[in-house]
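Asks: predicted model, plus sequence, below.
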Amino acid sequence: MKNLILSTLVAVGLIGSVSADTFGTGANQFTLDFTTIGNAGQQGVPYAYAIGTYDISVNQLNSASASGAVGLPNGYWNGDQPAANISWFQAAAFVNWLDT
């Protein structure tokens, strides 16, 4: 299903560039890739925005927590597998921390 959605977005010209932003400091620094969505003035999304290209990994959550993000889980697992069992409030805390 993800591939079908991605193919559809590419076909209608809604996917733009891919960029990366760095978060955290020192040993807890990590990078998130973002893909620009939108093609203002054409069908689909009337404005451009960036969305995460990949799932958030357990290591990224652990690094954010160690860098001062409040309300995140304390690393149930380790590794680059996608984070699981995260509440809506924990996801919101992570996004709020990214935004600061």
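Replies: It's in.
Asks: could I get the phi/psi values of Tyr47?
Replies: phi -150, psi 160 (degrees, to the nearest 10).
Asks: quick check: it touching Gly38?
Replies: Yes: counting by Cβ atoms under 8 Å, Tyr47 does reach Gly38; the two are 5.5 Å apart. Quick note: C-beta positions are derived from backbone N, CA and C, even for glycine.
Asks: may I see the buried residues of the helix ranked longest in the chain?
Replies: In the chain, assigned by DSSP state H, the helix with the most residues is helix 88-99. Neighbour-count burial for helix 88-99, counted by 16 or more other Cβ atoms under 10 Å, picks out 90, 93-94, 97-98.
Asks: before we move on, what about stretch 58-73?
Replies: For stretch 58-73, by 16+ other Cβ under 10 Å, it's 58-67, 69, 72-73.
Asks: can you lay out these as a markdown table showing pLDDT?
Replies: Shown next, in a markdown table, are the buried residues of stretch 58-73 (pLDDT from 0 to 100):
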| residue | pLDDT |
| --- | --- |
| Val58 | 88 |
| Asn59 | 89 |
| Gln60 | 90 |
| Leu61 | 89 |
| Asn62 | 87 |
| Ser63 | 88 |
| Ala64 | 89 |
| Ser65 | 87 |
| Ala66 | 87 |
| Ser67 | 86 |
| Ala69 | 84 |
| Leu72 | 78 |
| Pro73 | 72 |
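Asks: out of those residues, who's nearest Ile51?
Replies: Gln60 (15.6 Å; Cβ to Cβ).
Asks: what is the helix or strand hosting the closest one packed up against?
Replies: Using DSSP states H and E, Gln60 falls within helix 58-66. Counting by 3 or more Cβ pairs under 8 Å, 6 or more residues apart in numbering; DSSP states H and E, the packing neighbours recorded for helix 58-66 are strand 30-37, helix 88-99.
Asks: give me the sheet partners of the shortest one and which way each runs.
Replies: In the sheet containing strand 30-37, the strands it pairs with under DSSP bridges are strand 15-23 (antiparallel), strand 49-52 (antiparallel).
Asks: which ones are touching the residue nearest to Thr53 when sequence neighbours are not counted?
Replies: In space, and not counting its chain neighbours, Thr53 is closest to Asp33: 4.0 Å by Cβ to Cβ, 6 or more residues apart in numbering. Contact analysis of Asp33 by Cβ atoms under 8 Å, 6 or more residues apart in numbering lists 18-20, 52-54.
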